[in-house]
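1. Predicted model follows, preceded by the sequence.
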Amino acid sequence: MKNKIKITLIIIVTTIISVIITGLAIEYSIQNNKYGDEVIQTKIDSKEMGEERKVIVHLPESYKKDTAKKYPVLYILDGTSQDIHTAEKVDLLSKVKLFPEAIVVGIPNTSGNRSRDFTPHYMKIDIEDKGSDYGNGNKFLEFIENELVLFINKNYRTNGFQTISGNSRGGLFTLYALLEKPQLFNGYICYSPAFWREDILIAKKVEAFIDQNKLQNKFIYMSIGDSENEKMKNGFDTIVSILNRQQLDSIHFAYQETSNANHQTNSYQSTVYALKSLGEYLLSPPKYISLLE
């Protein structure tokens, strides 16, 4: 009996170690050898951030062939983890005419600074730490507007339609970007957004913003996994409720609870639905037909 228990424990431990090693191997591959020659990896010496920022540019298949064509751009937070599968899905959906060909720009994080950059300037980075600094979201947004977007528009053929996409705290930042600089992006995609932070403070910001601003021609998509915790769901439902009860005729707002998805998997599972919804918005004449010419 003891031998059986021992063998079982060995099998379990071996399996866990194997999974960890496999995960590390995949991560190493992702970080070092995941991009082909068609993907451009470059850097921006950011004055706004006071640091070097990496940029990953996925060009559509027709980019080199059709030199007169211009493309919408998707800016993807958490570059190196979220940009690859997004670019692959954009490519697949464009082949079946459910989404226009697009340039996908991955924005990698700098070491240890993800929470700093994705947290709004009026929220603490670490709510468990009384002495926590406030977020650097305002500076990160300045980097995106004044350096990254300008760089992409200068060096690539873009058509002016810009979407930002973020996961978890990145989803919070995505909505924050809408509130802080509503003219910067046309589309906003929030996966498993951390709206719950600081007693759903972002909800008060959304309500105040809607009272004072008239949004026009915006696309907003939000999703959350059905297996995520109640804190995440409550924050999500609060924002959905606010947006749903507004008279926002010129806003295309879509949201969903993703079946069989948790906080780690929701972004991967719901990206197709987000892109399909955005594709319907982009491809529906006559509003944006000029952007696709």
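-> Looks like it arrived, so ask away. Residues are numbered from 1 along each chain as shown.

2. need the helices for the stretch 1-150 of the chain, in chain order.
-> Assigned by DSSP state H, counting those that start in this stretch, the stretch 1-150 of the chain shows helices spanning 2-33, 83-95, 114-118, 137-143, 149-155.

3. Check those for me: which has the lowest mean pLDDT.
-> The weakest mean pLDDT among the helices of the stretch 1-150 of the chain belongs to helix 2-33, with a mean of 47.

4. roughly how far apart are the closest residue to Asn113 other than its chain neighbours and Ile56?
-> In space, and not counting its chain neighbours, Asn113 is closest to Asn136: 7.9 Å by CB to CB, 6 or more residues apart in numbering. Glycine gets a C-beta too; all of them are placed from N, C-alpha and C. To Ile56, Asn136 is 21 Å away according to CB to CB, to the nearest Å.

5. now swap in Pro193 and tell me
-> The gap separating Pro193 from Ile56 is 23 Å, by CB to CB.

6. more neighbours, those two?
-> Of the pair Pro193 and Ile56, Pro193 is the one with more neighbours under other CB atoms under 10 Å, namely 27 against 21.

7. host element of the spatially closest residue to that one that is not a sequence neighbour?
-> Distance criterion CB to CB, 6+ apart; nearest residue to Pro193, sequence neighbours excluded, is Gly171 at 2.9 Å. Element membership of Gly171, judged by DSSP states H and E, is helix 169-180.

8. helices or strands up against the helix or strand following that helix?
-> Going down the chain from helix 169-180, the next helix or strand is strand 187-191, by DSSP H and E. On a contact count with 3 or more CB pairs under 8 Å, 6 or more residues apart in numbering; DSSP states H and E, strand 187-191 meets strand 158-167, helix 169-180, strand 218-225, helix 266-283.

9. out of the ones you listed, which comes closest to Phe143?
-> Among these, the nearest to Phe143 by CB to CB is helix 169-180 (11.7 Å).

10. buried residues in the closest one?
-> By neighbour count with 16 or more other CB atoms under 10 Å, helix 169-180 contains the buried residues Arg169, Gly170, Gly171, Leu172, Phe173, Thr174, Leu175, Tyr176, Ala177, Leu178, Glu180.

11. what does it rub up against?
-> Residues from elsewhere that reach helix 169-180 (CB atoms under 8 Å, 6 or more residues apart in numbering): 77-78, 82, 114-115, 117-120, 137-138, 140-141, 144, 164-166, 184-185, 188-195, 197, 202, 205-206, 209, 218, 220, 222, 239.

12. show me what contacts the closest residue to Asn217 other than its chain neighbours?
-> Counting by CB to CB, 6+ apart, Asn217 lies nearest to Ser250, which is 5.7 Å off, once chain neighbours are set aside. Neighbouring residues of Ser250 by CB under 8 Å, 6+ apart: Leu215, Gln216, Asn217, Lys218.

13. Just grab the bridge partners of the last one for me.
-> The one in question is Lys218. The partner list for Lys218 in beta bridges (DSSP bridges) reads Ile251.

14. Does it touch Ala254 like I think?
-> No - the criterion here is CB atoms under 8 Å, and Lys218 misses it with Ala254 at 11.8 Å.

15. before we move on, back to that, what about the helices and strands packed on strand 187-191, which gets the closest to Lys47?
-> Of the helices and strands packed on strand 187-191, nearest to Lys47 by CB to CB is helix 169-180, at 19.2 Å.
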